[in-house]
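[1] Test case, fold it:
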Amino acid sequence: MVILAILLLAAVLLALVYLTGGHVHNFHAIWVLLAVILISAPALAIDFTAPMVDLDGNPFTNDKGQPVGATLGSVAENALLAAYPDEGSLPGEEKVKRFVLARKIHEAKNVELSAEDVALIKKLIAKDFAGSLVTGEAWSLLDPASVPK
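    Have a look, this model is predicted:
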């Protein structure tokens with residue numbers, strides 16, 4: 001949807017340039033607007049109810065082999081709400097930002113996030129979970145293009 005909006009804006013820009021013979025008065029303003037849209041564009045909606053599964057496609061289990069019901073949302077929420085030893089002096093504003101993001105994920109099935117929010121969640125999941133399975137599965141669900149095939 002974001003790509004479609006960008007393509008539409010680019011088409012309008014090209015039409016303006018063509019129709020005015022290249023004499024668009026606010027040409028630079030249009031490019032700035034396009035850049036702002038690109039930077040602030042939300043990512044696609046992410047399904048945080050997606051189950052976390054192992055390499056065989058089975059749900060995560062506890063030590064007794066029982067499914068734990070882990071979802072992308074529960075993993076992301078834990079990572080966002082955790083305290084990290086290397087972040088002892090994390091400003092209150094950043095803590096609140098993480099809390100609000102965790103609450104947003106908790107309260108909705110599909111959440112539209114900015115690229116910045118997705119990057120933060122990916123960073124914190126990698127920091128919070130020691131094993132590669134959780135990080136790899138979570139990143140695959142959050143940002144499939146970031147995980148090589």
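
[2] Just the buried residues of stretch 133-144, please?
    Neighbour counts over stretch 133-144 (16 or more other Cβ atoms under 10 Å) mark Val134, Thr135, Glu137, Ala138, Trp139, Ser140, Leu141, Leu142, Asp143 as buried. C-beta here means a position set from N, CA and C on the backbone, and glycine is covered the same way.

[3] and for the helix or strand the fifth one falls within, what are the contacting residues?
    Counting by DSSP states H and E, the element that carries Trp139 is helix 132-142. Contacts to helix 132-142, defined as Cβ atoms under 8 Å, 6 or more residues apart in numbering, come from residues 46-47, 50, 52-55, 60, 72, 75-76, 118, 121-122, 125-126, 129, 146-147.

[4] could you pull out the strands for this structure?
    Counting by DSSP state E, the chain has strands at residues 42-47, 110-114.

[5] who does the shortest one touch, helix- and strand-wise?
    Read that as strand 110-114. Counting by 3 or more Cβ pairs under 8 Å, 6 or more residues apart in numbering; DSSP states H and E, the packing neighbours recorded for strand 110-114 are strand 42-47, helix 92-107.

[6] Taking strand 110-114 as reference, get the angle to the longest one.
    Between helix 92-107 and strand 110-114, the angle formed by their directions is 150 degrees, by axes from the mean of the first three to the mean of the last three Cα atoms, to 10 degrees.
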